[in-house]
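1. coords please:
(2 chains)
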Amino acid sequence: MNLNIFVQHFINALSLGSLYGLVAVGYTMVYGILRLINFAHGDIFMLGAYFVYFATIVYKLPWAVGVVIAIIGTTICGLLVDRIAYKPLREAPRISALISAIGVSFFIENFAVVVFTGMPRPVVQPPILMQPIVLPGDVRLIPLGILVPIVAFVLVGCLLWLLYRTKPGLAMRAISFDIETTRMMGVSVNRIIALAFGLGSALAAVAGILWALRYPRVEPFMGMTPGIKAFIAAVFGGIGSVPGAMIGGLILGFVEIMSVAFFPTLSGYKDAFAFCLLILILLFRPTGLLGERLEDKI
Amino acid sequence: MQRIRNLILTIIAVVLFAFFLDKAPELLNGYWQRILNLIAINAILALSLNLIYGITGMFSLGHAGFMAIGAYVSALLVLSPAQKNAMWILEDIYPWLLNVNAPFIASIIIAGIVAAVFGLIVALPVLRLGGDYLGIATLGFAEIIRILITNTARLTNGSLGLKGIPAYTTLFMSWGCLGVVLLCMVCMLRSNFGGVLRAVRDDEVAAKMMGINTFKVKVIAFTLGCFGGGLGGALMGNLITTIDPRMFMITQTYNILMIIVVGGLGSVTGSIIGSVLVTTMLEWLRFVENPITIGSINIPGIPGMRMVIFSLLLIIVIIFRREGIMGMREFSWDIFFPKAKPKPKHEESNHESVLEVEDIVLRFGGLSAIDGLNFRINHGQIVGLIGPNGAGKTSAFNVISGFYKPTSGTIKFLGKSIGGLSPDEVCKAGMSRTFQNIRLFGHETVLQNVMTGARIRQKYSWWMSLMPFVFTDVLREDSAVKAQAMNLLEQLGLSEFAEEKASSLPYGAQRRLEIARALATRPKLLLLDEPAAGMNPQESDELMKFIRRLRDEFDLTILLIEHDMKVVMNVCDYIQVLDQGIHIAHGTPEEIKANPRVIEAYLGHEDTDKETDRIIERHYAKKEGQK
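-> Purely as a prediction, here's the structure:
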């Protein structure tokens, strides 16, 4: 394996990992607050990709405008999902919300089939992102491959700032400790939950857009596998922890890309790695890398 | 009488239905026959997932994986060598596999067993996880199984799948299998073992304290459920005659989950009703995806619309009627007849030093919850464990009853060391307890709660409960335990509530029920954690009499935590006092009443505060000296 190929794999792993991380952050925030696996999150990610597809390729808007529209549109969808399918079930047993999440996921996927048809649609990449930069040693870099991790890290950095340096962030962390007490402290809990859904959806939209550029196509079920894998990344990093989600995503990205790079015969099992990783971490460190231990009170 | 009547009615219904199935090929077209078959298969799948999830409370999303195993095993066994030769195009089939063959019935049973073996392998590591993690881990296993099937082409023909599987799944076959599964499951759920499964779901901690090895119970339920998954998958494969890995995606599990949620989690009847409704609806909704011509108007079909409508219905059900159609109720012929009430009957146990606790230390990280606890309890004593909030009383209980492992120190119970035993083993050794925040099996009847406590004394194994008419021990032991439980309820004044749901009882009665359930394990030592909490003075007076009566009637030794000083001083023979994890005093009620350290521990008097500080200082100084 020469340097050029290794660098390609490295960049690939970094950008795939940071995409997983971006989606995982949305899972981890909602789970940290509501103890709910938002199964629809992967489909929100898919909606982000479709929004940008329609804005830029069908309606020929400039990319910058398309991206803004996609983020806003996806965020609204995420908020609607919370309002319609989860909010009525806040007091219900957790399983009810989980089933509702499965229902929403089904709904969004099939609604996309009805509206957009099930056919995959090709995405035209802006040429500027695809023009390789040649570095010494004949290493060629595609700007898109570098853009993805940069965007991801900047966004997660902003999110961390929001969580640890602002009042809404404080409220969000407080809710994840004890929702009832936070309510009694005069925090509008539902608004903060909506904020978590909104932020998660916006990040998922960005991930969806970058994903659509990277594998240049969109289809209604494109969110399923990345969604489940991102959830695994969130569990791996320690569910409830935002830095953990990002780290989990990166580890997952590297494991997937590098194992196939070094052992090409395993490529058929690529999708199984994430699950093996998940089961191993659950067995040996059930709270994930950065998660905190929860004790059952007797 | 009632049972014979119900049995006759059931037989009549079964015979009528068999007659209908016999005539079905003439009455119904192929389309409806197929739906009827699918209903039976989905019902088997739903029942097995319901056993895992609705009844035992393990959130599993792995059913599709076990179906896949079943479908492939059965298909590989019934396909002829010639068919196999023709089908494996990309890679050669393993030679040993080519000639493996089995008759259909054997093949579906083997399919179930192979799925169960996989289930067992999965269960042993994964069932240590709880809640959502279990769901994700099982989902992961299902995906891994699917990926394995895709990639082991020599074994499974990979992503091409298997075609031309003989259509052995006839109406009699699918409904016959459902009948057997249903019979075994209903028998098991009606036995006391079934009660144990539901107890694990409602409160695992309390179940452990009833002497139940909850991990083993969960593994059994999970493995049985996987058997059902494999069986259902095998029948499915032989019905649609083509299988490939994409059939067994997570969507398949969701479909089954939907059936049990719509029907009612934990209800067998609900699973059956759910599969009738969901299967019929899913098939019927296909019309929206087909083009329709009404007169001259042509409405084109809309692909995907079927699942859109379906998922909307699911969300509506879960938001507006989340307990499903049946909730946890079951169908019974009794609903057609006025009720008759049953009547019950009577029974009793003996040692010197019952419990000896020596130098118990319990630390969580750097925090000492208990730092050096020593005491002994003699047979027939009632001993109180008191101290202000956070003194470590409940922690001491948790150590004694096996929920926490002490950092150091020994616990001897009836002369034997029990340090390090798990709660169920401690219970089997003859100790039982109640909990500060009442932990009943809330969805179960009062009677079943007590019967669950008696499960450790029963000799029959779980698998016998699948066939109670063969292993009549099940029926005999269950009815003996039921009589004993009724007797206990009567002694504790709860017999009027026997058939009511435990969570519907008034507070005081729930406390007594928790004691009744603990007594059903026939303990020598009973630990009561704040029995008088939330009681008014009159109720606590009654409680005092009750505790003494318990000791005398059941030949018990009792250790109790209590804040109500009146109760403690009146009922206890001896008292141990803890403060901030340190054993600060012990003595008879009179001595304790006069002990300034105790008074100050509760009231925080200035002079004595200093004295306690000195005691605590001395304690730590001594510790330092020891090091």
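
2. what's in contact with the helix or strand A:G66 falls within?
-> Using DSSP states H and E, A:G66 sits in helix A:63-81. For helix A:63-81, contacts defined as CB atoms under 8 Å, 6 or more residues apart in numbering or on different chains pick out A:40, A:44, A:47-49, A:51-52, A:55-56, A:61, A:104, A:108, A:126, A:194, A:197-198, A:200-202, A:204-206, A:208-209. Just so you know, the C-beta spots here come from the backbone N, C-alpha and C atoms, and that holds for glycine as well.

3. Check those one by one and keep those near chain B.
-> Among the contacts of helix A:63-81, proximity to chain B is found for A:V104 (CB under 8 Å from any CB of the partner chain).

4. Okay, buried residues for the helix holding A:G66 please.
-> Buried residues in helix A:63-81, counted by 16 or more other CB atoms under 10 Å in any protein chain shown: A:66-67, A:69-71, A:73-75, A:77-78, A:81.

5. how about the residues you listed, which pair is most distant?
-> A:G66 and A:V81 (22.3 Å; CB to CB).

6. ok, back up a step: as a markdown table, the buried residues of helix A:63-81 with pLDDT would be great.
-> Shown next, in a markdown table, are those (pLDDT from 0 to 100):
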| residue | pLDDT |
| --- | --- |
| A:G66 | 93 |
| A:V67 | 94 |
| A:I69 | 95 |
| A:A70 | 95 |
| A:I71 | 96 |
| A:G73 | 96 |
| A:T74 | 96 |
| A:T75 | 96 |
| A:C77 | 96 |
| A:G78 | 95 |
| A:V81 | 95 |
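
7. Let me see the contact set for the nearest residue to B:I41 once chain neighbours are set aside.
-> Counting by CB to CB, 6 or more residues apart in numbering or on different chains, B:L235 is the residue found nearest to B:I41 once chain neighbours are left out, at 4.9 Å. By CB under 8 Å, 6+ apart, the contact list for B:L235 reads B:40-41, B:44, B:108, B:169, B:173-174, B:177.

8. now, which of the contacts of helix A:63-81 lie within helices?
-> A:44, A:47-49, A:51-52, A:104, A:108, A:194, A:197-198, A:200-202, A:204-206, A:208-209 (DSSP state H).

9. Would you indicate which residues of stretch A:209-225 are buried?
-> Applying 16+ other CB under 10 Å to stretch A:209-225 flags A:209-214, A:218-224 as buried.

10. And for stretch A:255-271?
-> So, applying 16+ other CB under 10 Å, buried residues of stretch A:255-271: A:255-258, A:260-261, A:268-269, A:271.

11. Helices - which of these land there?
-> Per DSSP H, those map to helices at A:255-258, A:260-261, A:271.

12. What ranges does the stretch 151-298 of chain A have for its strands?
-> Using DSSP state E, counting those that start in this stretch, the strands assigned to the stretch 151-298 of chain A run over residues A:217-218.

13. ok so, going back, what subset of the contacts of helix A:63-81 is buried?
-> The neighbour count (16+ other CB under 10 Å) marks A:40, A:44, A:47-49, A:51-52, A:55-56, A:61, A:104, A:108, A:194, A:197-198, A:200-202, A:204-206, A:208-209 as buried among the contacts of helix A:63-81.

14. ok, B:L525 - contacts?
-> B:354-355, B:377, B:413, B:430-432, B:556-559.

15. and what of A:L250?
-> A:14, A:17-18, A:20-21.

16. since we're on residue 186, how many residues are nearby?
-> No chain in the question, so chain A it is. 7 (other CB atoms under 10 Å in any protein chain shown).

17. Not quite, go with chain B.
-> 17.

18. Could you do B:F19 as well?
-> Using other CB under 10 Å, B:F19 is surrounded by 10 other residues.

19. Quick check: pLDDT value at it.
-> As predicted, B:F19 sits at a pLDDT of 91.

20. where's it, which helix or strand?
-> Assessed by DSSP H and E, B:F19 sits inside helix B:2-27.

21. What helices and strands are in contact with that helix?
-> Using 3 or more CB pairs under 8 Å, 6 or more residues apart in numbering or on different chains; DSSP states H and E, the elements in contact with helix B:2-27 are helix B:30-50, helix B:171-190.

22. What helices and strands are in contact with the helix or strand following the first one?
-> In other words, helix B:30-50. Counting by DSSP H and E, the element after helix B:30-50 in chain order, helix or strand, is helix B:63-78. Here helix B:63-78 touches helix B:30-50, helix B:104-126, helix B:131-151, helix B:214-240, helix B:250-263, going by 3+ CB pairs under 8 Å, 6+ apart.

23. could you redo those as CSV and give each row distance to B:V567 and mean pLDDT?
-> What follows is the helices and strands packed on helix B:63-78, written out as CSV (distance: least, CB to CB, whole Å; pLDDT from 0 to 100):
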stretch, distance to B:V567, mean pLDDT
helix B:30-50, 44, 94
helix B:104-126, 45, 94
helix B:131-151, 37, 87
helix B:214-240, 32, 95
helix B:250-263, 46, 88
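
24. Select, out of these, the one closest to B:G420.
-> Nearest to B:G420 among those is helix B:214-240 (16.3 Å), distances taken as CB to CB.

25. Any idea which helix or strand in chain B has the lowest mean pLDDT?
-> Least confident helix or strand, chain B: helix B:606-626 with a mean of 66, by mean pLDDT, DSSP states H and E.

26. okay, and for the chain, where does confidence drop off?
-> I'll assume chain A. By pLDDT under 70, the weakly predicted segments of chain A are A:1, A:292-298.

27. actually it's chain B I care about, not the one you picked
-> Applying pLDDT under 70 to chain B flags the ranges B:293-295, B:299, B:338-351, B:366, B:603-613, B:622-627.

28. Can you find the residue of it that comes nearest to chain A?
-> B:G304 (3.0 Å; CB to the nearest CB).

29. Could you give the number of residues near the nearest residue to that residue once chain neighbours are set aside?
-> Distance criterion CB to CB, 6+ apart; nearest residue to B:G304, sequence neighbours excluded, is A:V113 at 3.0 Å. Number of residues near A:V113 (other CB under 10 Å) recorded here: 21.

30. By proximity to chain B, which residue of the stretch 101-250 of chain A wins?
-> A:V113 (3.0 Å).

31. A helix includes that residue, no?
-> Yes - the assignment for A:V113 (DSSP: H, G, I helix; E, B strand; the rest coil) places it in a helix.

32. For it, list the residues it contacts.
-> A:V113 sits in contact with A:220, B:303-304, B:307, where contact means CB under 8 Å, 6+ apart.

33. any chance of those in CSV, with distance to A:Y86 too?
-> CSV is the format used below for those (distance: CB to CB, whole Å):
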residue, distance to A:Y86
A:P220, 22
B:P303, 28
B:G304, 23
B:M307, 20
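
34. Could you measure from B:M326 over to B:S267?
-> Distance, B:M326 to B:S267, using CB to CB, to the nearest Å: 4 Å.

35. out of the two, which sits in the more crowded spot?
-> B:S267 (24 against 21).

36. check contacts around that one.
-> Counting by CB under 8 Å, 6+ apart, B:S267 has contacts B:50, B:54, B:324, B:326-330.

37. which of the residues you listed count as buried?
-> B:50, B:54, B:324, B:326-328.

38. Tell me how many other residues crowd residue 125.
-> I went with chain A, as the question did not name one. A:Q125: 14 surrounding residues under other CB under 10 Å.

39. switch to chain B, that's the one I care about
-> 14.

40. so it makes contact with A:L283?
-> Yes - the pair B:P125 and A:L283 passes the contact test of CB atoms under 8 Å, sitting 5.4 Å apart.

41. The residue nearest to A:F236 when sequence neighbours are not counted and A:L16, how far apart?
-> Nearest non-adjacent residue to A:F236, counting by CB to CB, 6+ apart: A:G248, 3.8 Å away. A:G248 sits 13 Å away from A:L16, going by CB to CB.
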